[in-house]
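1. Quick one, fold the following:
(one chain, ligands or ions: 1)
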Amino acid sequence: MSFNIESQISSCGGKLLKLKHDSKSTKTSMDVNVYLPRQYFEEKAGKIPAVYYLSGLSCTPQNASEKAFWQPQADKYGFAMVFPDTSPRGENVPDDPEESWDFGLSAGFYVDATQSPYHKNYKMYSYVHDELPRELYQFFQTSGLGAGSTVDFLDNVAITGHSMGGFGALSGYLQQYSSPRKYKSCSAFAALVNPSQVQWGKKGFGGYLGSEVAQWEKYDPVNLVKVVSNNGNDTILIHQGTSDPFYKDQLKPHLLIEAAKGTSWEGKINLNLVDGFDHSYYFVSSFVPQHAEFHAKNLGLI
Ligand SMILES: N[C@@H](CCC(=O)N[C@@H](CSC=O)C(=O)NCC(=O)O)C(=O)O
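-> The predicted model follows:
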């Protein structure tokens with residue numbers, strides 16, 4: 001199933017492509033933005049790595065594309081950016097019965113839902129970590145958009161995200177850690193590190209996965225650091241604003257540091273508490289340069 005290029009927008013030295021495709025995982029049409037850096041259009045840039053950015057509650061692919069300012073960094077180091085959506089959408093896609101913004105549409109939690117009625121469409125784990133990379137790779141292999149360059153959407157890839165998306169990045173990175181296609185690096189901005197223990201996560205996991213805690217633990221980073229072995233010197237980069245209104249009740253990054261103690265991740269989670277910053281994209285965009293450099297190093301670009 002291929003992509004329709006809804007629009008191509010010049011941004012910095014490259015192009016932001018707004019794409020739409022029919023997803024087998026979600027059984028809906030899905031929007032995704034891809035930023036192709038200036039290197040993609042230069043002669044013989046070869047295979048360009050990709051960074052996947054997972055957005056948070058209430059987002060579409062537009063929020064980060066417009067407000068995180070990843071594009072200048074992508075041009076600086078030579079990586080593509082992928083901005084997936086945060087949930088399936090469509091007239092037959094179930095939403096939150098409470099009509100809140102923390103569950104349902106724009107709040108898919110990057111899990112594969114097992115509970116009715118969400119089990120049909122809310123397969124966001126499989127979509128983000130399996131279907132979307134494969135479909136993008138195939139599409140760009142034949143798109144002819146670049147001057148002899150290609151994007152490596154499958155292997156030399158990194159993952160990052162904000163809030164619910166920070167959870168999604170940590171969860172996907174750790175779950176895929178021992179797979180052949182593990183992400184080369186993972187970072188997060190104001191992430192939900194222990195969804196099983198906070199209101200947002202209890203509502204999301206409960207609604208999508210049911211009440212069996214073992215199903216929650218499969219996705220929860222605080223559990224995953226205890227069962228996934230860090231097979232090298234991998235580190236995880238996290239930034240958290242101390243003026244973030246969700247810091248104390250929903251995000252709780254210290255719980256991940258605590259959980260890592262006594263494991264191969266102890267001392268490997270680089271948590272940066274930054275005074276005066278909130279939860280917004282003013283916070284995210286302030287630290288994107290540091291995260292971009294972190295991923296560029298792990299992708300072998302510097
Ligand atoms: N729509 C809500 C605001 C919800 C919110 O702040 N969402 C954050 C992520 S929260 C955890 O995932 C966000 O990224 N918002 C998008 C943005 O562009 O800031 C409300 O109206 O309060």
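2. and the closest residue to residue 171 other than its chain neighbours, what does it touch?
-> The shortest distance from residue 171 to any non-neighbouring residue, by C-beta to C-beta, 6 or more residues apart in numbering, is to residue 219 (4.9 Å). To be clear about C-beta, it is placed using only N, CA and C from the backbone, and glycine gets the same treatment. The neighbours of residue 219, taking C-beta atoms under 8 Å, 6 or more residues apart in numbering as the test, are 109, 111, 125, 171, 175, 195, 205, 209.
3. what are the phi and psi angles of residue 142?
-> With angles defined as degrees, to the nearest 10, residue 142 sits at phi -120, psi 0.
4. Pull the number of nearby residues for it.
-> 8 (other C-beta atoms under 10 Å).
5. Could you report the separation of the residue nearest to residue 171 from residue 142?
-> Separation of residue 219 from residue 142 (C-beta to C-beta, to the nearest Å): 34 Å.
6. packing partners for the host helix or strand of residue 288?
-> Using DSSP states H and E, residue 288 maps to helix 281-298. Secondary-structure packing of helix 281-298 (3 or more C-beta pairs under 8 Å, 6 or more residues apart in numbering; DSSP states H and E): helix 61-67, helix 71-77, strand 150-161, strand 186-189, strand 236-241, strand 269-274.
7. again, only using 6 Å
-> Secondary-structure packing of helix 281-298 (3 or more C-beta pairs under 6 Å, 6 or more residues apart in numbering; DSSP states H and E): helix 71-77, strand 186-189, strand 236-241.
8. Packed most tightly, which of these would that be?
-> Comparing the helices and strands packed on helix 281-298 by mean neighbour count (mean count of other C-beta atoms under 10 Å), strand 186-189 comes out on top with a mean of 31.
9. ok, and what's touching it?
-> Contacts to strand 186-189, defined as C-beta atoms under 6 Å, 6 or more residues apart in numbering, come from residues 159-162, 166, 169-170, 173, 236-239, 284, 291, 294.
10. Residue 250: which of these is nearest?
-> Nearest to residue 250 among these: residue 166, at 11.1 Å, using C-beta to C-beta.
11. got the contact list for the closest one?
-> Per C-beta under 6 Å, 6+ apart, neighbours of residue 166: 188-189, 191.
12. Let's see that with 10 Å instead.
-> 54-56, 160, 186-193, 221, 238-240, 251, 253, 284 (C-beta atoms under 10 Å, 6 or more residues apart in numbering).
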